[in-house]
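*Asks:* Need coordinates for the following:
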Amino acid sequence: MELFGRDLITTEEWEKESLDKVLSVAFEMKKHRFEKPFTEILKDRTFFMFFYNPSVRTRQSFEAAATELGGHAQFLEPKSMRLKSKEKAGETVEDAAKVMERYGVGIGIRILEDSIEEYGEGDALLREYAKYASIPVISMAHDKYHPCQGLADLMSLQEHMGEVKGAKITMMWGYSSMVRSWSSVQEDILLLPRYGMNFTLVFPEGFGLDPEIINQAKSNAESAGAKFEITHDRFEAMRGADVVYSRQWMSPKRYIIGKEEDQKLALQFKDWRLTPDLYRLTNNAYFIHPMPIDRGNEVDDAIASGPRSIIYDIAENRLHVQKAIMALTMAKGL
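*Replies:* Below you'll find the predicted structure:
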């Protein structure tokens, strides 16, 4: 299975067999974390991390991944580079990509809603870099997708549940004053049904996601013999759930009305929080979240820090899936 040189913009564009390979290698790397040959796979090689938006786990996990593979991750920000924009002249994407391919073995890009003017611009930027760069372009979260987070979520569920096929996951919009992108939410919506998980998406009126991605998720579920349902009744959605996920995401109006007005829309639904009363309707579900968690708003501490929370396992598994992705796409012969 040849994954060398492939871009990863969303898991949806990779065959399931390729994703299985990533997960298999990630589990092996976790088991033999500091052992050869894994510690020499990217020896003396450089991975570029291009951050339009800040992060905690993304930067830490990618830097640690490059180090543990024997290489180096270089941190880049647009403000410290002479890049062309609408406001100023500078280096084009084509030129930047073709120069970076001479220096490194991969490019990671993180660009979320605060750094773009319209939905889809971040995705388009990644695809433009991928068009011109001969080295892999990896999404470190952008406005549409977050493939590394989706794979870390799946790896962690497999770790705790074994076979995930037939299990029910409920993804609930949770109130927060933070205005969050759709990236990690939409990645899970696409990925987990491909592995046979029955998916229930619940949110208040006015907080729907990308219709094309919803339609694709339904198709993925149907192909895998799973269910994909959307409801606005969070109590019914929680019944019998084996996995729960409560997170805020922006409304489709975010790019039109702006961040502050989107926050005001969310204020109408402050009661949308994963509470112990809601949680008791589940099948003693695992709690997952990409973090940072807005505790006391999206979810109560009793659940986020409870015995069925696997949020820290997911955070760790970001490291392992990213090591696997980097090794498979940036080193020949693995």
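*Asks:* Pop the domain breakdown of the chain in here.
*Replies:* As assigned by automatic domain parsing, the chain contains the domains 11-146+315-330, 163-310.
*Asks:* which helix is the longest one in this protein?
*Replies:* helix 311-330 (DSSP state H).
*Asks:* Could I get the buried residue list for stretch 107-125?
*Replies:* For stretch 107-125, burial by neighbour count (16 or more other Cβ atoms under 10 Å) applies to 107-113, 115-116, 119, 121-123, 125. For glycine as for every other residue, the C-beta is placed from the backbone atoms N, C-alpha and C.
*Asks:* Now do the longest helix of the chain: which elements does it pack against?
*Replies:* For helix 311-330, the packing partners by 3 or more Cβ pairs under 8 Å, 6 or more residues apart in numbering; DSSP states H and E come out as helix 16-31, helix 57-68, strand 106-111, strand 137-142, helix 147-161.
*Asks:* separation between residue 321 and residue 147?
*Replies:* The span separating residue 321 from residue 147 equals 9 Å under the rule Cβ to Cβ, to the nearest Å.
*Asks:* most tightly surrounded among the helices and strands packed on helix 311-330?
*Replies:* strand 137-142 (a mean of 27; mean count of other Cβ atoms under 10 Å).
*Asks:* Centre of the chain to that one, how far?
*Replies:* 9 Å (Cα atoms, centre = their mean, to the nearest Å).
*Asks:* which secondary structure elements does it contact?
*Replies:* By 3+ Cβ pairs under 8 Å, 6+ apart, strand 137-142 packs against strand 46-51, helix 57-68, strand 106-111, helix 121-132, helix 147-161, helix 183-194, helix 311-330.
*Asks:* May I see the ones you listed arranged in TSV, with mean pLDDT and distance to residue 4 as well?
*Replies:* As requested, those are exported to TSV (pLDDT from 0 to 100; distance: least, Cβ to Cβ, whole Å):
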stretch	mean pLDDT	distance to residue 4
strand 46-51	97	15
helix 57-68	97	17
strand 106-111	98	11
helix 121-132	98	15
helix 147-161	98	17
helix 183-194	98	22
helix 311-330	98	6
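*Asks:* Excluding chain neighbours, what is closest to residue 166?
*Replies:* Distances taken as Cβ to Cβ, 6 or more residues apart in numbering place residue 196 nearest to residue 166, at 6.1 Å, with adjacent residues excluded.
*Asks:* Next, the one you found: secondary structure please.
*Replies:* Per DSSP: H, G, I helix; E, B strand; the rest coil, the local secondary structure of residue 196 is coil.
*Asks:* Let me see the contact set for it.
*Replies:* 164-166, 224-226 (Cβ atoms under 8 Å, 6 or more residues apart in numbering).
*Asks:* where does the stretch 1-150 of the chain dip in pLDDT?
*Replies:* Counting by pLDDT under 70, the stretch 1-150 of the chain has low-confidence residues at 1, 84.
*Asks:* who wins for proximity to residue 83 among the helices and strands packed on strand 137-142?
*Replies:* Ranking the helices and strands packed on strand 137-142 by proximity to residue 83 (Cβ to Cβ) places strand 46-51 first, at 9.8 Å.
*Asks:* Give me the sheet partners of the closest one and which way each runs.
*Replies:* The pairing partners recorded for strand 46-51 under DSSP bridges are strand 72-76 (parallel), strand 106-111 (parallel).
*Asks:* Would you convert those into CSV that also reports distance to residue 53?
*Replies:* Putting the strands paired with strand 46-51 into CSV (distance: least, Cβ to Cβ, whole Å) gives the following:
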stretch, distance to residue 53
strand 72-76, 13
strand 106-111, 6
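*Asks:* Residue 253 is nearest to which of these?
*Replies:* Of all these, strand 106-111 comes closest under Cβ to Cβ, at 20.3 Å.
*Asks:* what does the closest one contact?
*Replies:* With contact meaning Cβ under 8 Å, 6+ apart, strand 106-111 is reached by 47-53, 55, 58, 62, 97, 100, 122, 125-126, 129, 133, 135-143, 326, 329-330.
*Asks:* Next: stretch 174-184.
*Replies:* Contacting residues not belonging to stretch 174-184 are listed as 112-113, 141-146, 149-150, 209-210, 246-250, 254, 259, 262-263, 266, 269-274, 290, 294, 297-299 [Cβ under 8 Å, 6+ apart].
*Asks:* Please compute how far stretch 200-218 lies from its chain's middle.
*Replies:* For stretch 200-218 - counting by Cα atoms, centre = their mean - the centre lies 16 Å from the chain centre.
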